[in-house]
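J.: requesting a structural model of the entry that follows:
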Amino acid sequence: MIRGIAGACALCLCAAMAQAGPVSIGFEGPGEGAAPGEMAEDGYRIVTRDAVISGPGKSGDGSDGPNEIEGTMGGRGAIAILRGVPFTFVSLDWQSEGGAPEVVAEGYLGPDLVARERFAARGERFVTFAAGALKGRVIDRLILYPQRDRRGMGALDRVILDDAPGHAPAS
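T.: Residues are numbered from 1 along each chain as shown. Just a heads-up that it's a prediction; the model follows:
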């Protein structure tokens, strides 16, 4: 009996460990067009406002599948990434298609702003930005504002998130 319980506990522990760790949010659920107001990916809930999904025909194949997400023309796009337990922001992949578009990242824990940072890529290029002010900071909500400028636009290809120390999701 005790061996059976110990074995079951070991299996649960292994399953929990397999689900823990970094995840890559690539906005791969929906097809091209207006982003749904809400979607889920890799255990995270994603809420969007004034955002559009673009596929490989428009933006090429990205670093985490073919889709990217960007703000709509003339709108103030926002992508909120949430989870029931705290996490950390690691990095994001940003593709610039001319000009100097930027993405602002805000991390919150409860109602409090933990930190805000701004990333911009100049010209046509693809770049990975590592977390700076948010590096290692425990958050439960990450809000991204991908913005166009008057000369170009940019799109998020992926966002890397990790479990906050001591806050791995329950299996």
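
J.: for the protein, which residues score under the pLDDT cut-off?
T.: The model of the chain has pLDDT under 70 over residues 1-20, 56-65, 74, 99, 148-152, 170-171.

J.: number of nearby residues for Ala105?
T.: Ala105 is flanked by 25 other residues according to other CB atoms under 10 Å. In short, each C-beta sits where N, CA and C put it, glycine included.

J.: now do Ala115
T.: 16.

J.: elements contacting the helix or strand that contains it?
T.: Ala115 is part of strand 112-120 when elements are defined by DSSP states H and E. Applying 3 or more CB pairs under 8 Å, 6 or more residues apart in numbering; DSSP states H and E, we find strand 112-120 packed against strand 102-109.

J.: other SSEs contacting the strand it packs on?
T.: Under the contact rule (3+ CB pairs under 8 Å, 6+ apart), strand 102-109 is packed against strand 78-97, strand 112-120, strand 139-147, strand 154-163.

J.: whatever helix or strand comes next after the strand holding Ala115 vs strand 112-120, what angle?
T.: Sequence order places strand 124-130 as the next helix or strand after strand 112-120, per DSSP H and E. Strand 124-130 runs at 150 degrees relative to strand 112-120, counting by axes from the mean of the first three to the mean of the last three CA atoms, to 10 degrees.

J.: how many other residues sit next to the spatially closest residue to Pro169 that is not a sequence neighbour?
T.: Leaving aside its sequence neighbours, Pro169 sits nearest to Val85 (CB to CB, 6 or more residues apart in numbering; 5.3 Å). A count of neighbours around Val85, defined by other CB under 10 Å, yields 13.

J.: check Leu161 too.
T.: Neighbours of Leu161 under the rule other CB under 10 Å: 23.

J.: same question, Asn67
T.: Neighbour count for Asn67, taken as other CB under 10 Å: 24.

J.: and it, what does it touch?
T.: Contacts of Asn67 were listed using CB atoms under 8 Å, 6 or more residues apart in numbering, and they are Gly26, Phe27, Glu28, Pro30, Glu32, Ile53, Ser54, Gly55.

J.: my guess is the residue nearest to Pro169 contacts Pro165. True?
T.: No. Val85 is beyond contact range of Pro165, at 11.7 Å (criterion: CB atoms under 8 Å).

J.: so what's Arg141 up against?
T.: By CB under 8 Å, 6+ apart, the residues touching Arg141 are Ala80, Ile81, Leu82, Gly107, Tyr108, Leu109.
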